[in-house]
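# Pasted the sequence and its predicted model underneath.
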Amino acid sequence: MFFAYYGIIDIGEVEKMSELENNLIEKVKILILYGDRPVDGENKDGKVERMFKDEDDTAHYFYIKEFLQSHMKDEEELQNALKERSDVNSVFYEMQKLGHIVFAENTSSPDYKTGIFYMPKEISKKQKQALKVLKGQLEKEDYNLLAFINLHRDEDGILIGNQKHGSAKILDSFVNEEQER
């Protein structure tokens, strides 16, 4: 089993992300931007949890599986998705249903940085502030993004929704007061 380093930061620290090499998005495997729903008995609204890439990098599923062994244990649907489905999209879907933004860094070529956002239906003010700062960092690092929005399961249990893709500018509609989805 590998061990991924976890780190939680608040909005003030998010603004300093680019100042330290360790805080570059490209060093992160999974990033959770918490919503206003309490997590593990705490208010983490607008805080960012990062799971850094391990030296022996592996699939996102194994990072989130290890993380959820000691986090969000009281979220039954989330824990069930982890046990029953064994796919990271189902886990991230359940997290965004809880109001959290999930980002999966999935660059496979150093010349073309990419990542996927799983966006909840509603975003808190603190999430918007942190997402705006994160957007700036993604722009600095020249990321190409895919954002899954309006996710839901159809009558057969298949995960469906809409998507936006492009530069970090696709996040503009999420950080502005009036969301255009």
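Done, it's in.
# ok, longest strand in the protein?
Longest strand of the chain, by residue count under DSSP state E: strand 143-153.
# With just CA atoms, put it into PDB.
Only the C-alpha atoms of strand 143-153 are listed here, as PDB (Å, rounded to 0.1, in the frame of the first residue of the first chain):
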ATOM      1  CA  TYR A 143      -4.200  23.500 -17.700                       C
ATOM      2  CA  ASN A 144      -6.800  22.200 -20.100                       C
ATOM      3  CA  LEU A 145      -9.900  21.200 -18.200                       C
ATOM      4  CA  LEU A 146     -13.000  19.200 -18.400                       C
ATOM      5  CA  ALA A 147     -15.900  20.000 -16.000                       C
ATOM      6  CA  PHE A 148     -18.700  17.600 -15.400                       C
ATOM      7  CA  ILE A 149     -21.900  19.400 -14.500                       C
ATOM      8  CA  ASN A 150     -25.500  18.400 -13.800                       C
ATOM      9  CA  LEU A 151     -24.400  14.800 -13.000                       C
ATOM     10  CA  HIS A 152     -27.100  12.300 -12.200                       C
ATOM     11  CA  ARG A 153     -27.800   8.600 -12.700                       C
END
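# which other helices and strands contact it?
For strand 143-153, the contact count by 3 or more C-beta pairs under 8 Å, 6 or more residues apart in numbering; DSSP states H and E identifies helix 88-97, strand 113-118, strand 159-166 as packing neighbours. (C-beta placed from N, C-alpha, C; glycine too.)
# Contacts for the longest one next, please.
Translated: helix 88-97. In this structure, residues lying in contact with helix 88-97 by C-beta atoms under 8 Å, 6 or more residues apart in numbering are 32, 59-61, 64, 68, 75, 77-78, 81-82, 85, 102, 104, 118-120, 148, 151, 153, 159.
# change it to 6 Å
The set of residues that contact helix 88-97 without belonging to it, under C-beta atoms under 6 Å, 6 or more residues apart in numbering, is 60-61, 64, 77-78, 81-82, 102, 118, 120, 151, 159.
# Show the contacting residues for the residue most central in space within the chain.
In the chain, the centroid-proximal residue (C-alpha atoms, centre = their mean) is Val102; its distance is 1.8 Å. When the contact criterion is C-beta under 6 Å, 6+ apart, the partners of Val102 are 32, 92, 95, 118.
# Just give me the closest of these to Glu26.
Glu26 has its nearest neighbour among those in Ile32, at 17.3 Å by C-beta to C-beta.
# count of residues packed around Asp172?
Look at Asp172: counted by other C-beta atoms under 10 Å, it has 12 neighbours.
# got a list of what it touches?
With C-beta under 6 Å, 6+ apart as the criterion, no residue contacts Asp172.
# Doesn't it lie inside a helix?
Yes. Applying DSSP: H, G, I helix; E, B strand; the rest coil, one finds Asp172 inside a helix.
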